[in-house]
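J.: next come a sequence and a model predicted from it.
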Number of protein chains: 4
Amino acid sequence: MRFFSDNAASVHPSVLDAMAQANHVDTAYDGDALSGALDAAFSEVFETEVTALWIATGTAANALALATLCPPYRGIVCHRDAHIQNDEAGAPEFYSGGAKLLGAEGEAAKLTPATITGLLDGIANDVHRTQAAAISITNATEYGQSYAPSEVTAIGALAKERGLRLHMDGARFANAVVHTGATPADLTWRSGVEALSFGFIKNGGLSAEALILFDRSLADEVRIRRKRAGHLSSKGRYQAAQILAMLKGDLWLTNARAANAGAIRLAEAAAGRLINPVQANEVFVVMHAGEVAKLREQGFDFYDWGPGEARFVVSWDQPEAEIAALATALAAL
Amino acid sequence: MRFFSDNAASVHPSVLDAMAQANHVDTAYDGDALSGALDAAFSEVFETEVTALWIATGTAANALALATLCPPYRGIVCHRDAHIQNDEAGAPEFYSGGAKLLGAEGEAAKLTPATITGLLDGIANDVHRTQAAAISITNATEYGQSYAPSEVTAIGALAKERGLRLHMDGARFANAVVHTGATPADLTWRSGVEALSFGFIKNGGLSAEALILFDRSLADEVRIRRKRAGHLSSKGRYQAAQILAMLKGDLWLTNARAANAGAIRLAEAAAGRLINPVQANEVFVVMHAGEVAKLREQGFDFYDWGPGEARFVVSWDQPEAEIAALATALAAL
Amino acid sequence: MRFFSDNAASVHPSVLDAMAQANHVDTAYDGDALSGALDAAFSEVFETEVTALWIATGTAANALALATLCPPYRGIVCHRDAHIQNDEAGAPEFYSGGAKLLGAEGEAAKLTPATITGLLDGIANDVHRTQAAAISITNATEYGQSYAPSEVTAIGALAKERGLRLHMDGARFANAVVHTGATPADLTWRSGVEALSFGFIKNGGLSAEALILFDRSLADEVRIRRKRAGHLSSKGRYQAAQILAMLKGDLWLTNARAANAGAIRLAEAAAGRLINPVQANEVFVVMHAGEVAKLREQGFDFYDWGPGEARFVVSWDQPEAEIAALATALAAL
Amino acid sequence: MRFFSDNAASVHPSVLDAMAQANHVDTAYDGDALSGALDAAFSEVFETEVTALWIATGTAANALALATLCPPYRGIVCHRDAHIQNDEAGAPEFYSGGAKLLGAEGEAAKLTPATITGLLDGIANDVHRTQAAAISITNATEYGQSYAPSEVTAIGALAKERGLRLHMDGARFANAVVHTGATPADLTWRSGVEALSFGFIKNGGLSAEALILFDRSLADEVRIRRKRAGHLSSKGRYQAAQILAMLKGDLWLTNARAANAGAIRLAEAAAGRLINPVQANEVFVVMHAGEVAKLREQGFDFYDWGPGEARFVVSWDQPEAEIAALATALAAL
């Protein structure tokens, strides 16, 4: 029973259906009608005019956004445990031409105005030090914590005050929307976010994330960078189809709700050993080696997060029975 | 009737079926069984042990290969009309960190030992000039010409003599194999090719090309660069499935045969006006503005290649009726 | 007798004297009074407010300017024989993060609006092709030709019309000013030039070129890039001292006049065999192998420019006797 | 009285004399006899065959070495307070094409095998994490601490065991040699160092550091990268002359001895308030705001290192009277 990662989940049947329906001769690259429909579809989701581009991975979406928001000779403030800092093989440095990731502190991988300010104020304003140009926050964070609109707003205000651009890595944006109950608009542009990597692949998609540009003046540059990075698919319509299928009838929210609910159930079962409150589809628990071994013997697959810590991720397609089984096993430890 | 580009073609139903069959929970990235089967499948195709990686676009496959074969401070010899030089938005420069594309001459976008030697001999051997480190040839070329094994062998020998690495951009490799009748092995590693971008997307695939490494010592570096470029899909099994479907029963050859045959039929109809002999699935013809307009009026869509020149591309899924109609129209001009 | 290159010339005694006079404890980097005096000194030379920065080599000055004028994903139009294209080891690509040099044609390495337009019009306006962002011209050119103000103005107008930035590589700017008799202002910003690499090292300096920014809004970025490239000398005052010594009493013009006059004298002696008219301090002549050998036997050192061609460069410090001797020898061939 | 930085010091008269003596027509770039003498001169200093290149700044020397030792997609372990991490404007990232600096801990900016191992062991061995390729240590460190040969040897052994390259930033190498009493050989290649940025500019030089390659197979690549970075001076002989003058009669050691002795004298005067033992020419002391103000009123210029901390740097040319005055003032606080 796989609680290792939502990356391993299956693709929602509606997504595959939509791809099959897109299977006809059409204009190459992003000149087709489906790709052309993305802007309108996301503008509705976000209640404002946005530019939306498909992109094959979250790493590429993040790196494209950051390279556009930060010149090579400046820095990007992120949490020291952020995915862009630790898990993308240096993609932000590659795409940006060597911009520096400036790792700030914060509980459970969440930045705050205070931790960002602390970092910024330690950087003397001269040509020897790398000055920040952008901030990137992850919602939900690497530790499954969701930023509330007020938290994003506070960071957005700081960014504006300091002349910094604001990016959100939303690999699990759907889970954050579900947990906070906030509107997508309130969690992003109304709070100061200028570009969002909107994840679908962990949530039922196949090979299409969306890069949402609230600052539409960035679009031309992003399009060129996407091509230059080898991410302009010649048959982009199959990626657009995936995303439109995920948006249709709010499938993205339905899937995230299922995943979050499963995580909450696990959290209840593991109440005494939670490292963080569950605010998305991930559960981090304290667990000694003997307990880890016992769960593995019972057929549960999960991630050793650190010494004495374990991570369980619930996927959109996780069978009820698996969640129930794990809840029982956790409670029985 | 679309003769504009094979990029616009549909996806072969077997490819979509294979993707649907891959739709289950599985190991993320390239840890799944399908991705793991690629090395063996291509080793059979090439009659030698190779490492094979899926990659979402031909541009990315080319750029990854070239960045691995050429350091940032050296150059890549290619035809001045090569796709990597003109149509990839500077992806080779981006991936390599600023390596220089050194444009050589040659009929119909085909390099020869003579044109390569001419270029190399004009570069003084000092630190001021950018010294070449690699050669990249395209088979079939931008003008639809296929290199025969003897031609590749001659370039391979030159590369070895000069200490240069040899890459082949095989966006239309299938068409070249069909046209030449040569084995994939003879067209590549037996002739000195060390890395091949093996195209499937124009030929019935959806979002998976294969990067074939005949020099397997390059594999670790390429894998890191693929991740760093945001091209390590978390659900890579759907890309592996596409490729395996294309290889199964030699579907890739069947599709290329259909496309090449259509092009030959058009060539016969346009015999007097061919710019180059047809050696793949592309037909380049001399055509004055009036003729261009007349064909467009009849519903044919194609590419204005240059003043007084037009390009027609036959796709793997081009209906017989469309080919017949265009042949008739061309003959009637 | 060295007519090989003005790079080999000695340093003017006034320059060394000025460095010796700067030898005291002072503020590091460019915080000293001499560095601080550059803006005013060059503003007087150019009759407008400029920002002027010392930089150790012409290659670095060019690359810094171009990286600031052109983003990584766009191109720089230059002559296909330009120094930045052929003789700087890919420095523009390195500094810019992979921008593409777009080589245009033109007699004697000189660009014209027609050759630039021809190149630009051949680039389809889409994301696949690298779009130009800047033009770089060299004055005097690699073939010793000087642009007149009217020629620069025509290119400046084209640049403005096309939305391109304009850089001038002035490694031999002094020689061009002397030859044309134009003011520095007319040859640069009044004609549309936004950044100038102003050469001193070939003309009596030691290790200081000046990067002149007519668009002063570029200055902050250039200063950061200069540091990042390891070109912010901690003892910059010795570089500023060199430049101020070259400007004092128009030493830079005096030196260039001497060099140009020597070249004219050689040109008169070699009248029948000139490849280009002499418009700076370089003389390009047709010369068969036997003649080349004969001159070498007489102790003259010079550059084999191409088959049957030779280049003679007169330096600011070239002894009268050497010029006379070479003139005699050339006339006697 | 300037105790702010040794960067502000004057140039030793012998260095200026040597430059004046080099003032004649000679081969350009590094083809002259002085540049050609560097390898032998440093081979004697280091008791082994080395390749030695002049380079205009320490930042450039570090960045060139690191770019050659570490590919773009890997990381460089350094102290989190290292100069390359904090004070070079991202030069290592720029030169290397985006390699990641991996900041390790350690007392007084000194790495140890334990802190390096701790960092390395925290990096999972997969393509998502950036794997280290090199270690860079600074001798003397940012906090004026000198590594003893045994300490370097321990790091060298670890580097070898882990397959990492080892670089030493020796901006104050002379001070470390003087303090430890070790031979240059024992402090570098005998302990596993493969490339050394050997500083002269803070120690009486003008514009020449030496990059020493103990692994001589790196030399060709470094030479190309030096040109590409705009650091191949056309009149390199004036840089070689500086270095040879510094080596002559061990002037570099004489100067460092003077600076270190001054620092020791200050340390004795400030004995109760030292943050670290003095092991080079820098003195770090605890000092509250009132004390800082009092010293400034007395005409002493120095660096506020952090809250309640101050740094005093003694230069090679610091007048005895200034040292005595500061010692008295410190003792009187």
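T.: Now that the structure is in, tell me what you want to look at.
J.: pretty sure A:Val127 sits against C:Lys227.
T.: Yes - using C-beta atoms under 8 Å, A:Val127 is in contact with C:Lys227, at 4.3 Å. C-betas here are computed from N, CA, C, even on glycine.
J.: tell me the pLDDT of A:Gly306.
T.: At A:Gly306, the pLDDT value in this model is 83.
J.: could you check whether stretch A:19-29 is close to chain B?
T.: Yes - Stretch A:19-29 is in contact with chain B by C-beta under 8 Å from any C-beta of the partner chain, via A:Met19, A:Ala20, A:Asn23, A:His24, A:Val25, A:Asp26, A:Thr27, A:Ala28, A:Tyr29.
J.: rewinding a little: neighbour count: A:Val127 and C:Lys227, which is higher?
T.: Applying other C-beta atoms under 10 Å in any protein chain shown to A:Val127 and C:Lys227 shows that C:Lys227 carries more neighbours, namely 24 against 20.
J.: and the one helix or strand A:Asn175 maps to, what does it pack against?
T.: Counting by DSSP states H and E, the element that carries A:Asn175 is helix A:173-180. With contacts taken as 3 or more C-beta pairs under 8 Å, 6 or more residues apart in numbering or on different chains; DSSP states H and E, helix A:173-180 sits against helix A:184-187, strand A:195-198, helix A:251-269.
J.: wait, which of those is closest to chain D?
T.: Smallest distance to chain D across the helices and strands packed on helix A:173-180 (C-beta to the nearest C-beta): 16.4 Å, for strand A:195-198.
J.: pull up the pairing partners for the closest one, direction included.
T.: Paired strands of strand A:195-198, with direction, are strand A:165-170 (parallel), strand A:209-213 (antiparallel) (DSSP bridges).
J.: now for A:Val127 and C:Lys227: what residues contact both?
T.: Residues touching both A:Val127 and C:Lys227 (C-beta atoms under 8 Å, 6 or more residues apart in numbering or on different chains) are D:Ala89.
J.: now, of the residues of stretch A:19-29 next to chain B, which are buried?
T.: Using 16 or more other C-beta atoms under 10 Å in any protein chain shown as the burial test, the residues of stretch A:19-29 next to chain B include A:Met19, A:Ala20, A:Asn23, A:Asp26, A:Thr27, A:Ala28, A:Tyr29 as buried.
J.: in the helix or strand where A:Ile116 lies, what's buried?
T.: Element membership of A:Ile116, judged by DSSP H and E, is helix A:113-121. The neighbour-count check on helix A:113-121 (16+ other C-beta under 10 Å) flags A:Thr115, A:Ile116, A:Leu119, A:Leu120 as buried.
J.: A:Glu44: neighbour count?
T.: 11.
J.: same thing with the one 3 residues further on?
T.: The criterion is other C-beta under 10 Å. On that basis, A:Glu47 has 13 neighbouring residues.
J.: now do the phi/psi pair for it.
T.: When read as degrees, to the nearest 10, the backbone of A:Glu47 gives phi 60, psi 30.
J.: for the stretch 151-300 of chain A, what lies in contact range of chain C?
T.: A:Glu221, A:Arg223, A:Ile224, A:Arg225, A:Arg226, A:Lys227, A:Arg228, A:Leu232.
J.: right, I'll call it a day here.
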